[in-house]
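S.K.: I'd like to go over a predicted model; first the sequence, then the structure.
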Amino acid sequence: MMKVSVKIPVRQILNRLGLGRSNEARGYLAKAVRNRCDKYVPYDTGALRGSAAISRDGRKITYTMPYASRQFYEKYHHRDPNRGDHWHRRMLRRERQSLLRQMERYWKGGRQ
């Protein structure tokens, strides 16, 4: 019997991919999601869309206008059928594959 020892530099790999302490990849993904959601957020004056804030760790996107939760959670019909409630779901239904390709390019070094 032969023993084989393999050392995988997990921390280095995660850091290289932006998944370490820097949260670089998560931040990149959060910005990509926020930007892609812009065309699905209800729009009148642009205040709601412009209020999107990404948390420091990139885990949350918060829309800070007082009416944001109402337009997000309640059935909301906009004159543009692409815009309305639960805009992140609308975006993912239409752009999931494109978003995944964008992240793949990011991890392969094609940071934009």
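M.R.: Right, received. Where do you want to start?

S.K.: quick one: contacts of the longest helix seen in the chain?
M.R.: Using DSSP state H, we find that the single longest helix of the chain is helix 87-107. Applying Cβ atoms under 8 Å, 6 or more residues apart in numbering, the contact partners of helix 87-107 are 17-18, 25, 28-29, 32-33, 36-37, 39-42, 61, 72, 82-84, 112. C-beta: built from backbone N, CA, C; applies to glycine.

S.K.: helices along this structure, start to end?
M.R.: Using DSSP H, the helices of the chain run over 10-16, 24-37, 47-50, 68-73, 87-107.

S.K.: filter the contacts of helix 87-107 down to the buried ones, PyMOL style.
M.R.: Typed into PyMOL, the line below selects the buried ones among the contacts of helix 87-107, using 16 or more other Cβ atoms under 10 Å:
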select buried, resi 18+25+28+29+32+33+36+37+39+40+41+42+72+83+84
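
S.K.: buried sites along stretch 91-99?
M.R.: By 16+ other Cβ under 10 Å, the buried positions in stretch 91-99 come out as 91, 92, 95, 99.

S.K.: how far does that stretch sit from its chain's centre?
M.R.: Taking Cα atoms, centre = their mean, to the nearest Å, one finds stretch 91-99 lying 11 Å from the centre of the chain it belongs to.

S.K.: endpoints of stretch 82-91, how far apart?
M.R.: Across stretch 82-91, the terminal residues are separated by 9 Å (Cα to Cα, to the nearest Å).
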